[in-house]
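Colleague: Here's a sequence, model it:
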Amino acid sequence: MTKTPCLGFFCALVLLSAILAALPVKAENQTEPVIETDATCESFEGRRIKIADANKTRIDMHLFDDLQGKQIRNIQFNSLSVFDKNDPGENNSLYLFLNKLHINTRSSVVRAQLLFKEGESLSIDKIQESERILRKRPYLTNAYIVPVTVCAEQLDIMVVTQDAWALEPQLSLSKESEGTKSGFAISDGNILGTGNSLTIGYEQNTQRNLISYDFSNPHIFNSQIATKIYYADTSDGRDTIVDISHPFYSLQTPWAAGFYTQDVTLEEPIRHMDEQINEFRHQTMHNRIYFGVATDVTSTHTQRWLVGLSNEEDNFFVSKDTLQAIPEQRKAVYPWIEYQYLENRYGVFKNINQIQRPEDIALGQNLSFRLGYAGTQFDNPDDVIRYIGNYSNIVDFDKQHIFETTLELDGRHHSSVNGIDSAVAGINLTYNYFQDAKRRWYLGFRYDIGQDLAQYEELTVGDITGLRGYPTDYQRGDERYVLTIERRYFTDMHIFNLMRVGAVMFFDMGKAWGIDQYGYSPLLSNVGVGLRFSSSKVRIGNVVHIDVAMPTSARNAEGVSGYQLTVGAESKF
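Modeller: You can find the predicted model right below:
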């Protein structure tokens, strides 16, 4: 294995972040500024309900309802450790020792992300959006804001954050057709409490090995600049990703700009009927620069316009396991314009996609559509039209139902070159019915249709794509649908005060079809049961799925066994 040189800019950035983080600061756990005496001031009597104690799925917060417009006199910060010493289940020597090893998120990091400051009039919208911004951070498991002292014209508020355990060893091992794929990594998602994340990893398989470095921070140096830098030294080259942007940080942010570049090569295994039928190397080289402005910002919605220039190149190469033809090279360089509409309506829920954690769900309608065009003057093979669209509408009613509609469109059209006009359109419908805070019915239906798809873009079903009783990518085609019905149960179990537990019974049905090469595709269906595990102490988004599914159709087909066991980590329940 060759020695890996460290990227100068990458190392300098990490080193500078660490130096700034190491500068002396005041104690972070709680700040108590000196407050001038005001005879009209009283301690706020309301309290915030704990998520685990809430007996309803939607958690309505009304602490600030009568405080709109009061001047914010002081902002206090309370950074809660990973383990709660006031909880008898966590007040033990091991957990308290781990608290000492962990450095809590600094109050300066939290303050820089707030949309309000001392001296301003209190805006409930800014309070709620600041909470949502903080709850999106992977180094926090919860965040909320409460009034502390209320006076006739002023008030003091406290920002409470609960830290996640950020230092994670990672190990992976999987069996391949001609060997094993293994890897390990060490990740710190909150270096010295600064919000900086760094992962160093090693992977090896029969094709290649790599050493990778991944650094990111959504608010580097306590600014509104988001940064991600990925570099991998591989046995057959280098992979790089650089993403630096000033995003639309909030619904009120007036402008955004950014730069993105990617050069990554991956192996693309193609499977069908539980067999690998092809494989090739896929090099993705994408570059993008953009600028956008919010042209219409109201209390009910935000509208934005963006312009940019993108360069998308996809190159394909044979590997030693290539058995069929590989896709044609693709290139599209084009300027584009994008429109965004976001409805400013949110709800705080629990036990929908996560277990016993607050979930901010964007209700109402959200739309984005990008359209680009360029000719041969941009070094394209011919004139190309590029389009990307997304639409979602989430409706909640009677406090027991959530219905979501999602539409997606992604494609391109060339004026004269044939065979590379790939496009996919899809609709996804989901419905959640809440019997109580623990029991749910879930119904999901997805339909997709494609055109001129390259082999790696073909629509598949099986395993993680929705039909859990069948192997990965069991069927392929340019059309597919999947219907899922689940009976979900969110328990109160909290194993060692570390792991939340859920359970599910499910039925899946669907198929993929439409490409003659793969022949007839029978209807597939399965039933099964599963468990869900979600750590209450690490970052949001990791829900471990353990499912056992049994096929109820095509049981004697090639590659289908009596049951299928799948284990994996997903972002949702």
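Colleague: and stretch 212-229, how far apart are its ends?
Modeller: 11 Å (Cα to Cα, to the nearest Å).
Colleague: any idea how far residue 487 is from residue 218?
Modeller: 37 Å (Cβ to Cβ, to the nearest Å). C-beta here means a position set from N, CA and C on the backbone, and glycine is covered the same way.
Colleague: Settle it for me: which of the two has more neighbours?
Modeller: Set side by side, residue 218 and residue 487 show unequal neighbour counts under other Cβ atoms under 10 Å, the larger going to residue 218 at 19 against 15.
Colleague: Ramachandran coordinates for the more buried one?
Modeller: When quoted as degrees, to the nearest 10, the phi and psi of residue 218 stand at phi -80, psi -10.
Colleague: residues contacting it?
Modeller: Contacts for residue 218 were tallied using Cβ atoms under 8 Å, 6 or more residues apart in numbering; they are 137, 195, 226.
Colleague: In strands, which of the residues you listed appear?
Modeller: Counting by DSSP state E, the part of these found in strands is residue 226.
Colleague: Tabulate the contacts of residue 218 (TSV), appending neighbour count and distance to residue 102.
Modeller: Putting the contacts of residue 218 into TSV (neighbours: other Cβ atoms under 10 Å; distance: Cβ to Cβ, whole Å) gives the following:
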residue	neighbour count	distance to residue 102
137	22	15
195	28	14
226	17	24
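Colleague: which of the contacts of residue 218 lies closest to residue 366?
Modeller: Minimum distance to residue 366 across these is 20.0 Å, recorded for residue 226 (Cβ to Cβ).
Colleague: Run through the bridge partners of the closest one.
Modeller: Applying DSSP bridges to residue 226 gives these bridge partners: residue 245.
Colleague: In contact with it, which residues?
Modeller: Residue 226 is in contact with 217, 218, 219, 220, 243, 244, 245, 246, 247, 258, counting by Cβ under 8 Å, 6+ apart.
Colleague: Show me what the last one is bridged to.
Modeller: Partner residues in beta bridges with residue 258, using DSSP bridges, are residue 245, residue 290.
Colleague: Identify the residues contacting the closest residue to residue 236 other than its chain neighbours.
Modeller: Taking Cβ to Cβ, 6 or more residues apart in numbering as the measure, residue 236 lies nearest to residue 208, with 5.5 Å between them; neighbours along the chain are not counted. When contacts are counted by Cβ under 8 Å, 6+ apart, residue 208 touches 234, 235, 236, 267.
Colleague: One more: residue 465?
Modeller: Taking Cβ under 8 Å, 6+ apart as the contact definition, residue 465 lies against 472, 473, 482.
Colleague: quick one: which of those is nearest residue 284?
Modeller: Out of these, the member with the shortest distance to residue 284 (by Cβ to Cβ) is residue 473, at 19.8 Å.
Colleague: Secondary structure element holding the closest one?
Modeller: Assessed by DSSP states H and E, residue 473 sits outside every helix and strand.
Colleague: Count residues in the vicinity of it, would you?
Modeller: Counted with other Cβ under 10 Å, residues neighbouring residue 473 total 23.
Colleague: what's the answer for residue 558, then?
Modeller: 9.
Colleague: The residue nearest to it when sequence neighbours are not counted and residue 510: what is the separation?
Modeller: Using Cβ to Cβ, 6+ apart and skipping the chain neighbours, the partner closest in space to residue 558 is residue 273 (5.2 Å). Using Cβ to Cβ, residue 273 is found at 16 Å from residue 510.
Colleague: again with residue 410
Modeller: According to Cβ to Cβ, residue 410 stands 21 Å off from residue 510.
Colleague: Between the two, which is the more surrounded one?
Modeller: When neighbours are counted by other Cβ under 10 Å, residue 510 comes out ahead of the other of residue 410 and residue 510, with 23 against 17.
Colleague: contacting residues for the more buried one?
Modeller: If a contact means Cβ under 8 Å, 6+ apart, then residue 510 has 461, 466, 467, 480, 481, 482, 483, 523, 524, 525 as its contacts.
Colleague: got any ranges where this structure has weak pLDDT?
Modeller: Across the chain, the stretches falling below the confidence threshold (pLDDT under 70) are 1-37, 173-180, 206-207, 540-541.
Colleague: got the residue ranges for the helices in it?
Modeller: Assigned helices in the chain, in chain order: 8-22, 93-101, 107-111, 124-135 (criterion: DSSP state H).
Colleague: how many other residues sit next to the residue nearest to residue 559 when sequence neighbours are not counted?
Modeller: Excluding the flanking residues, the one nearest residue 559 by Cβ to Cβ, 6+ apart is residue 274, at 2.8 Å. Residue 274 is surrounded by 16 other residues when neighbours are defined as other Cβ under 10 Å.
Colleague: Residue 274 is in contact with residue 554, isn't it?
Modeller: No - in this structure residue 274 lies outside contact range of residue 554 using Cβ atoms under 8 Å: 11.9 Å.
Colleague: shared neighbours, the two?
Modeller: Shared contacts of residue 274 and residue 554, defined by Cβ under 8 Å, 6+ apart, comprise residue 560.
Colleague: now the contacts of residue 218 as JSON lines including distance to residue 451?
Modeller: Conversion of these to JSON lines gives the following (distance: Cβ to Cβ, whole Å):
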{"residue": "137", "distance to residue 451": "39"}
{"residue": "195", "distance to residue 451": "43"}
{"residue": "226", "distance to residue 451": "34"}
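Colleague: which residues sit in contact with residue 189?
Modeller: Neighbouring residues of residue 189 by Cβ under 8 Å, 6+ apart: 138, 139, 164, 166, 167, 168, 197, 539.
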